[in-house]
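Visitor: model this:
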Amino acid sequence: MKVMVLPLIIVIVFSACSKTPQPEAQATPMPQPTAAELLANIEKQRSAGHPDLALKSARELIAVHKGSPEAEVASKAIPELESAVRIAEKEAQARAAKAEATAEAKQLAAKWRYRKDEDPMTSRTLRQASNQSENSVSFAFPYQGEQHGTLTLRDHPTYGRDVIFSIEKGQILCQSYQDCQIRVRFDEASPERWSAVGPADHSNTAIFLRNGARFVQRLRKSKVIRLQIPIYQQGEPLLEFVVGGFDWSRYQAK
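Guide: You can find the predicted model right below:
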C-alpha cells in the first residue's frame, strides 16, 4: 500500500503542470447601426437641440448606407442642419462674448468703493465714491515708500458735491484758497489743464478739483482718467485711474 501512493501523486502533479492553455475568447464586434437607426438618431439629436451631432449622423448615414431611402432623406436634411450648426455657433459666440463683457464689467465695478454716512450736523446722508490709482509712486525721504493716489467723489449735505484727489503722504503744491493747475486726460483725448485748490485746513495731501460737475460728467463717459499732479521736489507724477465701472445710481442710492 505505501509503494503505490508516491506514483499516484507524481502522476497528478505532472498532469496539472502539463495542462495545455486554452485560447482566449475573442470579443464580438459591435454591429454597425442600421440606416433606420441612424435616421432616427438624426431626428432625436435635432429635437434635442444638437444640430452638430445630427449633422454628423446624417453624414455617417450617407457614407455607410449610400443609395438607401434613409440616405436620401439625410441628404436632403444636410443644408438645413448645416445652417442650424452655423446659427448655434454664432449664438455660442454671442454668449461667450456676453459672459466676457459681464466679467469685465464686474472687474471694473469692483474698482469703486461706495460709502454712505449720516452727517451729525444735519442728519442727512453724506455719500462718497472712491477709486484707487492703478499705478503707485514712491517719493524721496521723508515720504518714501510705495503709495497710491485716490480719486473721490463726495456729495456732502453742507458743502455740496466735490471731486477730491489725495495721496497718502507728500506735499501737493496747491495752497488753500489759491488755485493751482493740474493736467487731466480722459481716455485717449488730448491732455487738459484743470484748476484745483487746496483744502481749507491747509493740509497738503489733498486737492479739490474746480468745476466738479463737469469733471463727473466727463468721468461717466470715460474708461480711464490720468492725472498729473505737482508734488514738492517730486515733479509731476502721473497717476492712472480705471473709472469705467462707476455706477451713478449706486452712488446716489438712498
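Visitor: tell me the contacts of the closest residue to R161 other than its chain neighbours?
Guide: Counting by C-beta to C-beta, 6 or more residues apart in numbering, R161 lies nearest to D155, which is 5.1 Å off, once chain neighbours are set aside. (C-beta placed from N, C-alpha, C; glycine too.) Applying C-beta atoms under 8 Å, 6 or more residues apart in numbering, one finds that D155 lies in contact with L126, R127, Q128, R161, Y251, Q252.
Visitor: what is the neighbour count of the first one?
Guide: A total of 17 residues lie near L126 under the criterion other C-beta atoms under 10 Å.
Visitor: element containing it?
Guide: strand 125-132 (DSSP states H and E).
Visitor: any quick PyMOL command for the buried ones out of the contacts of D155?
Guide: The PyMOL command for the buried members of the contacts of D155 (criterion: 16 or more other C-beta atoms under 10 Å) is given here:
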select buried, resi 126+127+128+251
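Visitor: just give me the closest of the contacts of D155 to N41.
Guide: Ranked by distance to N41 (C-beta to C-beta), the contacts of D155 are led by Y251 at 56.3 Å.
Visitor: quick check: the most centrally placed residue in the chain vs R113, distance?
Guide: By C-alpha atoms, centre = their mean, the chain has its centre lying nearest to A103, at 3.2 Å. Counting by C-beta to C-beta, to the nearest Å, the gap from A103 to R113 is 20 Å.
Visitor: which residues in the stretch 1-150 of the chain form strands?
Guide: Secondary structure of the stretch 1-150 of the chain, counting by DSSP state E, counting those that start in this stretch: strands at 112-118, 125-132, 137-138, 146-147, 150-156.
Visitor: mean pLDDT for these - can I get that in a markdown table?
Guide: Output for the strands of the stretch 1-150 of the chain, formatted as a markdown table (pLDDT from 0 to 100):
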| stretch | mean pLDDT |
| --- | --- |
| strand 112-118 | 95 |
| strand 125-132 | 96 |
| strand 137-138 | 94 |
| strand 146-147 | 95 |
| strand 150-156 | 97 |
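Visitor: check the offset of the strand or helix carrying V197 from the chain's centre.
Guide: Using DSSP H and E, V197 maps to strand 192-197. Distance of strand 192-197 from the chain centroid (C-alpha atoms, centre = their mean, to the nearest Å) equals 35 Å.
Visitor: do the same with stretch 219-233
Guide: Its chain's C-alpha centre lies 25 Å from the corresponding centre of stretch 219-233 when counted by C-alpha atoms, centre = their mean.
Visitor: please apply the same query to stretch 164-177.
Guide: Taking mean C-alpha positions (C-alpha atoms, centre = their mean), stretch 164-177 and its chain are 35 Å apart.
Visitor: re the thing from before, which helices and strands sit right next to the strand holding L126?
Guide: With contacts defined as 3 or more C-beta pairs under 8 Å, 6 or more residues apart in numbering; DSSP states H and E, the packing partners of strand 125-132 are strand 112-118, strand 150-156, strand 238-242, helix 248-251.
Visitor: dihedrals phi and psi, the nearest residue to Q107 once chain neighbours are set aside?
Guide: Of all residues beyond its chain neighbours, the one nearest Q107 is G245 (7.4 Å), with distances taken as C-beta to C-beta, 6+ apart. Dihedral angles of G245 (phi, psi; degrees, to the nearest 10) stand at phi -90, psi 10.
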